[in-house]
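Asker: pasting a predicted model and its sequence here:
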Amino acid sequence: MLTVLRPAMQKLIACLCCLFILPVSGCTRQEQPVVPGSKDLAAYLTVTDDAGRTVVLKKKPERIVVLSTSFLELLYAVDGQAIGRPSSRTADIPEKARSLPEVGFVYNINTEKVLALQPDLVIAFQGIHERLIPLLESSNVPVILLKMKSYEDVIAKVKLFSEIAGTKEKGSSLVRVMDNRLKAVKDKLPQSGKKVAILHATAKSVTLELESSIAGGVAKLLKLQNVAVGSRPLDSDMDATPYSLEKLVEQNPDLILVVTMGQSPEIAKRLKADVESNPAWATLRAVRDNQVFFLPPELFLLHPGVRMPDAVEYMAKLVYPEVYK
């Protein structure tokens, strides 16, 4: 009897197992497979910053602290907003950002003040703020490290900040305006560019600026011949090379452009000591023709950001006054 029932019992048990297992299997089929990295796909934005770091913003940042005045102006230009900004004695701060809490000057950021604002994003400057990243990230604050020297850098940051702010149309419109202004200046350029020397003068030293500097980049856009091109940069400043009056006399530029940093009387004293006191200075073509000009620091010492076309137009009018009236 047992022998007869055992096969029947086995069939019954098998059927019962199917009743319990099949619904579960059906639910499993309806679920989406887990894809590696699928969490990043659901993020608001994934950014590869200028240091090559991948930063995932899980949601749209609402509490942004900006550590550079140049980036602050760009963010507000695309209708973005910040909750904290750097201190500044010289830079133009957007009107809407003037009352924001300050977190220290760009080279001396107070991380305690930054963290006290509870940011969900910090926008930092490459080459200045790397040391702040470990502390901020240990507090779960995402940091993007950005650079801004060339016109291409400006355009890239306008696009990035408009993505962060959720105002891509505003960013695209601003890029078109800037490109059109720059094209209007460049379309009038003569076939052959003049030769220029760009001095960087402080109360302590005088150097020559390379193409990677702000003024050097503007000169490159205008297809000017920078006498410092090809020179070895300083270890302490990759945008400058040592100044040599003898080499300057040899190159004999058509114009000398001067970028200053610091108090004017101290800089004038330094220029007279290092440059003008040397009889060779008077032999330069630029000196004889009164083609020595001081560039405004708000356009050429601090990065002009969205005002880059202003800087290009300013230099163009100095170099080619007969063309850009």
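Answerer: Received, thanks. Note that this is a predicted model, so its numbers are computed, not measured.
Asker: got phi/psi on residue 125?
Answerer: Main-chain dihedrals, residue 125, degrees, to the nearest 10: phi -100, psi 130.
Asker: if I look at the closest residue to it other than its chain neighbours, how far off is residue 299?
Answerer: Using Cβ to Cβ, 6 or more residues apart in numbering and skipping the chain neighbours, the partner closest in space to residue 125 is residue 68 (4.3 Å). Backbone N, C-alpha and C define where each C-beta goes, glycine included. Using Cβ to Cβ, to the nearest Å, residue 68 is found at 16 Å from residue 299.
Asker: more crowded one of the two?
Answerer: More neighbours surround residue 68 than the other of residue 68 and residue 299, with 25 against 21 (other Cβ atoms under 10 Å).
Asker: residue contacts, the residue nearest to residue 125?
Answerer: By Cβ atoms under 8 Å, 6 or more residues apart in numbering, the residues touching residue 68 are 86, 106, 123, 124, 125, 128, 148.
Asker: next, the residue most central in space within the chain: phi, psi?
Answerer: The residue lying closest to the centre of the chain (Cα atoms, centre = their mean) is residue 148, at 2.9 Å. Phi and psi for residue 148, reported as degrees, to the nearest 10, are phi -160, psi 100.
Asker: tell me the pLDDT at it?
Answerer: Note on residue 148: pLDDT of 90.
Asker: and if you look at residue 313?
Answerer: Confidence at residue 313, expressed as pLDDT, is 96.
Asker: next one: the closest residue in space to it that isn't next to it in sequence relative to residue 267, how far apart?
Answerer: Here the nearest residue to residue 313 in space, its sequence neighbours aside, is residue 185; by Cβ to Cβ, 6+ apart that works out to 5.3 Å. Noted for residue 185: a distance of 29 Å to residue 267, by Cβ to Cβ.
Asker: still on that earlier bit, same for the strand or helix carrying the residue nearest to residue 313, what does it pack against?
Answerer: Assessed by DSSP states H and E, residue 185 sits inside helix 168-186. Judged by 3 or more Cβ pairs under 8 Å, 6 or more residues apart in numbering; DSSP states H and E, helix 168-186 is in contact with helix 151-165, helix 308-319.
Asker: relative orientation of that helix and helix 151-165 in degrees?
Answerer: Here helix 168-186 runs at an angle of 160 degrees relative to helix 151-165 (axes from the mean of the first three to the mean of the last three Cα atoms, to 10 degrees).
Asker: who's in contact with helix 168-186?
Answerer: With Cβ under 8 Å, 6+ apart, helix 168-186 has contacts from 77-79, 151, 154-155, 158-159, 161-163, 221-222, 306, 308-309, 312-313, 316, 324.
Asker: what does stretch 254-264 give?
Answerer: By Cβ under 8 Å, 6+ apart, stretch 254-264 touches 194-203, 209, 213-215, 219, 267, 271, 284-287, 289, 291-295, 297, 300-301, 315, 318-319.
Asker: among those, which are in strands?
Answerer: Judged by DSSP state E, strands contain the following of these: 195, 196, 197, 198, 199, 200, 201, 209, 292, 293, 294, 295.
Asker: what about the nearest residue in space to the fifth one that is not next to it in sequence, how many residues close to it?
Answerer: Okay, so that is residue 199. Nearest non-adjacent residue to residue 199, counting by Cβ to Cβ, 6+ apart: residue 258, 4.7 Å away. Using other Cβ under 10 Å, residue 258 is surrounded by 20 other residues.
Asker: now the angle between strand 195-201 and the helix or strand residue 258 falls within, please.
Answerer: Assigned by DSSP H and E, residue 258 belongs to strand 255-260. Per the same axes, to 10 degrees, the angle that strand 255-260 makes with strand 195-201 is 20 degrees.
Asker: would you mark the buried spots in stretch 233-242?
Answerer: Buried positions in stretch 233-242, judged by neighbour count with 16 or more other Cβ atoms under 10 Å: 233, 239, 240, 241.
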